[in-house]
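1. Build me a structure from this.
(chains A and B)
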Amino acid sequence: MNIFSDFRKQIIDVIEGLSSDGSLPEGLNLDRVAVDVPRDAAFGDLSTNAAMVLAKPAGMKPRDLAELLTGKLADAEGVSTAEIAGPGFINVRLDDDLWRRCLGTVLQTGKAFGDSDIGGGAPVNVEFVSANPTGPLHIGHARGSVFGDVLAALLRKAGYAVTREYYINDAGAQVDVLARSAHLRYREALGEAIGQIPEGLYPGEYMKAVGAALAERDGDRWQESLESEWLPVVRSFAIDTMMDLVRDDLAALGITFDVFTSERGLVEQGRVDTVLDGLEARGLIYTGTLEPPKGKKPDDWEPRPQTLFKATEFGDEVDRPLKKSDGSWTYFASDIAYHQDKHARGFDTQIDVWGADHGGYVKRMKAATKAVTGGAADLDVKICQIVKLLDKGEPVKMSKRAGTFVTLRDLIDEVGPGVVRFIMLTRSNDAPLDFDLTKVTEQSRDNPVFYVQYAHARCHSVARMAADAFPDLDADQTADLGLLTDEAELALIKLLAQWPRVIEGAAQAHEPHRIAYYLYELAAAFHGLWTKGKEQTELRFIVESDRAQTHARLAMVSGVRTVIASGLELMGVEPLEELR
RNA sequence: GCGCCCGUAGCUCAAUUGGAUAGAGUGCCUGACUACGGAUCAGGAGGUUGGGGGUUCGAGUCCUCCCGGGCGCGCCA
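-> Residues are numbered from 1 along each chain as shown, chains lettered A, B, ... in the order given. A predicted model of the protein is given here:
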């Protein structure tokens, strides 16, 4: 039950009715007709801009059209009042019973309340994390990981067929460095003194285990052999080990993927060649020389002919190189093949979640995707800004040597997965985020995780107390919701009714942080009502002298608990029933 | 120099995708709470949404030009 979309249908019906009886022209475009919640509750429960957006095409003044619509709407079912305001807004108040019925729906459907079918089962591919398999995940990865995972969950709840995907960059020079680092540790594991890790190799302690495991598996087989012999083997082994590490770290955050795609796999299957041959056949690839960037000329710049993709034909600023000087593909070339591959697998809607440092690549990737799918695939790239790690307001110095933790795993161990996940969504993805280790575990209002969890725990607390006062109370569904008449109670119920709308809006905008903000707002309304009951005893949830009233209020509290739990679970955060 | 993101209350950030009198937290000021579970709640002050111009019924949001910050800028992903 989505009151807002239901009401929009009512308005559309009214407009179409007026069209068919000649009061309005036929065939009006109704796309821009919106139903909103007014900023100020004094304006009513709902408002619509219908009269304003249709005035011009209908050839009427907005207020006259509003007049016409209000006349019909006032008689519509469930509408208590409809009036015109401002330049032509129509403000509507609905019968309180309609809202109470919505609470009834919450109680009946439970956590499925808010599920939507706006996705229509359309396939969506969400690609996120995709960290290079060269080491454990760090804090910078945490944000994109959570963002992508919750966005995927959100889209699923909104009715899309979502695939969570991880692209393994296992074909570039970096994994060769990884292999050499692993080989060194392998020799170390076999008893060689390796001394200092040479510049350019990965020095991390985590590489020791890789070397040891390889020695365990293969003995001294690669100890004296040529690099050309051992490199592919060691590389493959190291990548697998690193990916296990990455999977473990993600699992600790509650994240799993449906698909892992290997860049090397695409290259070895010849997919890159195929896709780029196709572009070449269309005249979109040529050999040319790029201008140096103005104002910031690299020291070693020299003009050089390169194999270029005509990205400028698809909205990019300059054409982009596809081949390295050794003749191998650039990562961009394989990325083109990868996005084509996603399209070939049936994904017309693709979402990539990237870090802030990749912002400069959005245009070329969109251009390439457009080119390679003939414009059929829509790519949305979500950029996550940096996370600043703080402790008591002071920046935490990231030094591996000093022992200050930097890995994702350490962060999870320190504050718990739920806290990490929630905090990562307390900002819009394109705003930088402060993660204060002290604040996020504080029990205060300015720690949103606590504040929302506390509201949820309070709901459970009420239920426990009620079980003492009325041990034999029936299920929520049998309560007489008509007894919920206080303004604050109805306001709370109206907020619950917004949940499906929040889901749809957040899903369509690809903005999972809206869930966190909504939950905070809902928690605030609930805490407010709680305290109101403290001051006016007749408003308490449990009224010992009034069994029916208590029953109704417990049902309302159940509704709040259900929606908060539903939202937290959507975010991958476990709802707590007690706070120590 | 160019591109992308950003600029909103002292500070950190929202703003129903173009809607009405721009909202929360924090900080400051005032009050409520000896218990359905204390960690809360109610109120006050605080704004020319960086600046100018434009688009229209209507702009924090879209276009344009400046100012300021972050990221990026040919064979790293």
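
2. okay, now A:Thr81: neighbour count?
-> By other Cβ atoms under 10 Å, the residues close to A:Thr81 number 14. For every residue, glycine as well, the C-beta is placed using N, CA and C.

3. residues contacting it?
-> A:44, A:74, A:92-93 (Cβ atoms under 8 Å, 6 or more residues apart in numbering).

4. ok, 7 Å please
-> Listed by Cβ atoms under 7 Å, 6 or more residues apart in numbering, the contact set of A:Thr81 reads A:Arg93.

5. Domains in chain A, by residue range?
-> By the record's domain assignment, chain A is partitioned as A:3-94, A:173-234, A:448-570 (automatic domain parsing).

6. Quick one: residues in contact with stretch A:281-290.
-> A:276, A:279, A:303-310, A:313, A:318-319, A:322, A:371.

7. Tell me which stretches of the stretch 401-550 of chain A form strands.
-> For the stretch 401-550 of chain A, applying DSSP state E, counting those that start in this stretch gives strands covering A:433-436.

8. any low-confidence regions in it?
-> A:401-405 (pLDDT under 70).

9. try 50
-> For the stretch 401-550 of chain A, the stretches flagged by pLDDT under 50 are A:401.

10. Determine which stretch of the domains of chain A is the most buried.
-> Neighbour counts (mean count of other Cβ atoms under 10 Å) averaged over each of the domains of chain A peak at domain A:448-570, with a mean of 19.

11. looking at chain A, which helix or strand is least sure?
-> strand A:394-395 (a mean of 84; mean pLDDT, DSSP states H and E).

12. Does RNA strand B have contacts with that strand?
-> No: using Cβ under 7 Å from any atom of the strand, strand A:394-395 stays clear of RNA strand B, coming no nearer than 12.8 Å.

13. So which residues make contact with that strand?
-> Defining contact as Cβ under 7 Å, 6+ apart, one finds that strand A:394-395 is touched by A:Lys388.

14. rerun that using 8 Å as the cut-off
-> Applying Cβ under 8 Å, 6+ apart, the set of residues contacting strand A:394-395 is A:388-389.

15. Could you spell out the sheet neighbours of it, each with its direction?
-> In the sheet, strand A:394-395 lines up against strand A:387-391 (antiparallel) (DSSP bridges).

16. Buried ones in the partner strand, by neighbour count?
-> Buried residues in strand A:387-391, counting neighbours by 16 or more other Cβ atoms under 10 Å, are found at A:387, A:389-390.

17. restrict the contacts of stretch A:281-290 to contacts with RNA strand B.
-> Answer for the contacts of stretch A:281-290 near RNA strand B (Cβ under 7 Å from any atom of the strand): A:303-304, A:306.

18. If we only consider those residues, which is nearest to RNA strand B?
-> Nearest to RNA strand B among these, counting by Cβ to the nearest atom of the strand, is A:Arg304 at 3.0 Å.

19. OK, contacts around that closest one?
-> Neighbouring residues of A:Arg304 by Cβ under 8 Å, 6+ apart: A:289, A:325.

20. who's in contact with stretch A:310-320?
-> Applying Cβ under 8 Å, 6+ apart, the contact partners of stretch A:310-320 are A:283-286, A:288, A:290-291, A:308-309, A:332, A:363-364, A:366-368, A:370-371.

21. Tell me which entries of those lie within helices.
-> Members of these lying in helices (criterion: DSSP state H): A:332, A:363-364, A:366-368, A:370-371.

22. from those, which single one is nearest RNA strand B?
-> Relative to RNA strand B, and with distances defined as Cβ to the nearest atom of the strand, the nearest of the ones in helices among the contacts of stretch A:310-320 is A:Lys363, at 5.7 Å.

23. which residues touch the closest one?
-> A:311, A:315-317.

24. give the contact list for whichever residue of the stretch 351-500 of chain A sits closest to RNA strand B.
-> Residue of the stretch 351-500 of chain A nearest RNA strand B, by Cβ to the nearest atom of the strand: A:Ser461 (2.2 Å). By Cβ under 8 Å, 6+ apart, the contact list for A:Ser461 reads A:Glu578.

25. Go again with 10 Å.
-> A:454, A:530, A:541, A:557, A:577-579 (Cβ atoms under 10 Å, 6 or more residues apart in numbering).

26. Would you format the residues you listed as CSV with distance to RNA strand B included?
-> Conversion of these to CSV gives the following (distance: Cβ to the nearest atom of the strand, whole Å):
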residue, distance to RNA strand B
A:Tyr454, 6
A:Trp530, 5
A:Phe541, 4
A:Val557, 8
A:Glu577, 6
A:Glu578, 4
A:Leu579, 4
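
27. Around A:His138, count how many other residues there are.
-> Residues near A:His138, counting by other Cβ under 10 Å: 18.

28. same deal with the one 5 residues further on?
-> Using other Cβ under 10 Å, A:Arg143 has 24 neighbouring residues.

29. Format the domains of chain A as CSV; extra columns: distance to A:Asp244.
-> Listed next are those as CSV, based on distance: least, Cβ to Cβ, whole Å:
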stretch, distance to A:Asp244
domain A:3-94, 45
domain A:173-234, 10
domain A:448-570, 27
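
30. all helices for the stretch 301-450 of chain A, in order.
-> For the stretch 301-450 of chain A, helices defined by DSSP state H, counting those that start in this stretch occupy the ranges A:331-344, A:362-372, A:408-415, A:417-424, A:448-469.
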